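**Q** I would like the atomic coordinates for the input below:
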Amino acid sequence: MNRNQDNLPKKTSTLTKLIIILVVIIIGLISYIEATKIMNSSSSSNDGPSNSIRVVNTSSSMAESSSTENRSTMSDPTSVSTSSSKESESYAVTFPKGSVFTGENDLYGFAVTTYANRENMTMSYSPKGNYAPDAHMSVAASFTPITIPTTTIQVNESGTVKDVKVATELKLSLADSSKPSLEFFTPFNGNDTKIYAYMNNSGQTVFAFTPPGNNGPYTTVPMNEKPY
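**A** All right, here's what the predicted structure looks like:
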């Protein structure tokens, strides 16, 4: 009986130790699970506001960009039109009425006559060295200068090739009873010839003609004004 009573405390002590170990393990598991939940909750909480800010900022930026583009688009037609108009005025050539302009290139001598009572002008030319300074030459045509949107063309002026801005084009005067000589545009680009006018750095009025075949820079004729 004594041996049995002695063994009972030993068994009770072992059982108590096992229970304590199990309790510690259970507490450890519960603590781990709770800690994991807290960490996940904290991570989700941090991610949420960050994503939200980025979306709001992106939307705000897009809205501001869209608003700016809309304002720009709405204002562009007027500003572009005004800017284009001012630029055309600055490069447009004004021809005084009642004057004669004369000039020449490598092949021809040119004369242009303006009139006091009409808008059109007469341009004529003859082979170089065989022309009169009064605009009455063998090949002639009537033109009306008009202002066009400013454009850039490449010209060969006195052997120098360069880009110039032009805003004045000479158009055939269709309302005028006179018709240009058939040979007038032959030295240039035939019926597809365009004639522009601009002021060079020396203050001369320069006429630029489309070259034959529209190949290369425009052919130019610097003109000098003299009283008519």
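
**Q** pretty sure residue 31 is in a helix, no?
**A** Yes. Applying DSSP: H, G, I helix; E, B strand; the rest coil, one finds residue 31 inside a helix.

**Q** check the gap between it and residue 19 for me.
**A** 18 Å (C-beta to C-beta, to the nearest Å). (Each C-beta comes from the backbone N, C-alpha and C, glycine too.)

**Q** same deal with residue 173?
**A** Taking C-beta to C-beta, one finds residue 173 at 119 Å from residue 19.

**Q** the two: who's more crowded?
**A** With neighbours defined as other C-beta atoms under 10 Å, residue 173 and residue 19 compare such that residue 173 has more, 19 against 10.

**Q** which other helices and strands contact the longest strand seen in the chain?
**A** For the chain, the strand with the greatest residue count under DSSP state E is strand 139-157. Packing contacts for strand 139-157, counted by 3 or more C-beta pairs under 8 Å, 6 or more residues apart in numbering; DSSP states H and E, involve helix 2-91, strand 121-127, strand 160-172, strand 195-199, strand 205-209, strand 218-227.

**Q** which of these has the lowest average pLDDT?
**A** If you rank the helices and strands packed on strand 139-157 by mean pLDDT, helix 2-91 sits at the bottom with a mean of 59.

**Q** report the angle between the next helix or strand after that one and strand 195-199.
**A** Counting by DSSP states H and E, the next helix or strand C-terminal to helix 2-91 is strand 99-104. Angle, strand 99-104 to strand 195-199, by axes from the mean of the first three to the mean of the last three C-alpha atoms, to 10 degrees: 100 degrees.

**Q** given strand 99-104, what are its sheet partners and their directions?
**A** Its sheet considered, strand 99-104 pairs with strand 108-114 (antiparallel), strand 218-227 (antiparallel) by DSSP bridges.

**Q** in JSON lines: the ones you listed, plus distance to residue 196 and mean neighbour count.
**A** JSON lines is the format used below for these (distance: least, C-beta to C-beta, whole Å; neighbours: other C-beta atoms under 10 Å):
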{"stretch": "strand 108-114", "distance to residue 196": "14", "mean neighbour count": "21"}
{"stretch": "strand 218-227", "distance to residue 196": "7", "mean neighbour count": "17"}
